[in-house]
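below are the sequence and a predicted model; questions follow.
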Amino acid sequence: MIFKKIGIDFHGVIHREPEFFKRFVEFAVAKGYEIYIVSGGPRQTIIDFLAAHKIPYHHLWCIIDQPEINENTTFCADGSFRVNDMLWDKAKGEYCQNEGINLHIDDSVVYGKYFTTPYCRFDADESVFICNGKCFTANMEISELLENLQIVTISEC
């Protein structure tokens, strides 16, 4: 089984390493992968950043745009907001499951426990991917990294 849908978080992942993820996504898209940017938001900030860095993607989904989340959000005058932690923390996992995403890359330790989709944590400080107890450096060839991520996540199922 070859996975073809990859979810990638924005804050803490793409935002921290835009040049790496530009190359990663370009390679994946050229190989026929569908790229989902899965983030908290705000949508326009993410769209502008991806355009400025010429990072391609197929879908952009933001937690804050979801009616259940938005209806339960307190927006503050300074532009910040407060949301029930449980609603927020489980939203990405539910979205990835509903969309049939085969792998999600995120920096959060907390979100991972709400995923049934194979989950890979990206540590930008160390520049490594941690998936199913295995660690892969972002310094390897992207083709090798993608192959390793696919092998590890399939064995996780």
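Structure received. Numbering: from 1, shown residues only.

report all helices and strands that the helix or strand where K90 lies contacts.
Assigned by DSSP states H and E, K90 falls within helix 85-99. Using 3 or more CB pairs under 8 Å, 6 or more residues apart in numbering; DSSP states H and E, the elements in contact with helix 85-99 are strand 5-8, strand 34-39, strand 59-62, helix 67-71, strand 103-106, helix 109-112. Glycine gets a C-beta too; all of them are placed from N, C-alpha and C.

got the buried residues for it?
Residues of helix 85-99 classed as buried: W88, D89, K90, A91, K92, G93, Y95, C96, E99 (neighbour count, 16 or more other CB atoms under 10 Å).

just to revisit the earlier point, in TSV: the helices and strands packed on helix 85-99, plus mean neighbour count.
Converted to TSV, these look like this (neighbours: other CB atoms under 10 Å):
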stretch	mean neighbour count
strand 5-8	24
strand 34-39	23
strand 59-62	18
helix 67-71	12
strand 103-106	24
helix 109-112	14
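
least confident of these, on average?
The weakest mean pLDDT among the helices and strands packed on helix 85-99 belongs to helix 67-71, with a mean of 80.

show me what the residue nearest in space to the middle of the chain is bridged to.
Residue closest to the mean C-alpha point of the chain, counted by CA atoms, centre = their mean, is I8 at 2.2 Å. Beta-bridge partners recorded for I8 (DSSP bridges): I37, I105.

correct me if wrong: it contacts I46.
No - under the criterion of CB atoms under 8 Å, I8 makes no contact with I46, lying 11.1 Å away.

appreciated, that's everything.
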